[in-house]
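Peer 1: here are the coordinates; sequence isn't available:
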């Protein structure tokens with residue numbers, strides 16, 4: 001492992017940075033999209049509920065690799081050419097947002113209905129009630145499952161390796177082929193993934209205890 005770091009440290013650090021960048025971008029937009037579709041799914045409007053359910057079912061049940069390849073192969077053929085990094089990040093965002101939407105929806109439904117009814121009866125709109133009353137309570141309930149989704153998203157970022165996204169896994173594959181030391185290389189890759197995921201796991205546990 002030490003030899004791999006010594007000889008290919010710059011490549012590993014570049015892939016490490018690409019993995020973090022992809023994960024942060026996907027985390028940000030997946031949380032926004034997931035929250036939006038979770039809210040749409042609990043709104044009184046049946047059409048919006050249907051649209052949300054269709055979105056969630058599509059991206060939750062199509063494999064991440066297929067979604068990513070659509071943006072990497074199909075979109076450039078008919079629309080605009082995008083890099084493997086962008087295609088992988090978009091695919092990861094859409095895929096993860098569907099699971100986050102279900103998690104947030106469960107949190108919203110766990111809030112007592114009287115909270116929303118009381119807010120509406122006091123003159124707040126549905127949007128205001130959701131923003132100031134329901135969502136703050138819902139997110140407290142869903143911190144643990146959201147933490148799991150975030151960790152899964154980071155691990156799923158290895159999908160970039162299939163579309164030349166120059167992430168940590170892609171660089172690991174190149175190094176393993178060049179050095180002929182697959183075991184050491186992938187052990188290094190595993191350690192670097194742990195450096196990303198373990199602090200996030202511990203932070204989410206800390207945040208859960210603090211909020212409770």
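Peer 2: Structure's in. What do you need? Treat the numbers as computed from the prediction; the structure is a model and nothing was measured.
Peer 1: assign residue 123 to helix, strand or coil.
Peer 2: Per DSSP: H, G, I helix; E, B strand; the rest coil, the secondary structure class of residue 123 is coil.
Peer 1: residues near it, how many?
Peer 2: 8 (other Cβ atoms under 10 Å). For the C-beta atoms, the positions are set from N, CA and C on the backbone; glycine is no exception.
Peer 1: look up phi and psi at it.
Peer 2: In terms of degrees, to the nearest 10, the main-chain angles of residue 123 are phi 100, psi 0.
Peer 1: give me the pLDDT for it.
Peer 2: The model reports residue 123 with a pLDDT of 84.
Peer 1: what's the spacing between it and residue 129?
Peer 2: 10 Å (Cβ to Cβ, to the nearest Å).
Peer 1: same question, residue 149
Peer 2: Going from residue 149 to residue 129 by Cβ to Cβ gives 25 Å.
Peer 1: where along this structure do the strands fall?
Peer 2: With strands called from DSSP state E, the chain shows none.
Peer 1: low-confidence ranges in it?
Peer 2: Across the chain, the stretches falling below the confidence threshold (pLDDT under 70) are 212.
Peer 1: where is the longest helix in it?
Peer 2: Secondary structure of the chain read by DSSP state H shows that its longest helix is helix 2-42.
Peer 1: show me what that one is packed against.
Peer 2: When contacts are defined as 3 or more Cβ pairs under 8 Å, 6 or more residues apart in numbering; DSSP states H and E, helix 2-42 sits against helix 46-61, helix 84-110, helix 143-156, helix 168-179, helix 182-211.
Peer 1: okay, those, which one's buried deepest?
Peer 2: When you average the neighbours per residue for each of the helices and strands packed on helix 2-42 (mean count of other Cβ atoms under 10 Å), helix 84-110 leads with a mean of 23.
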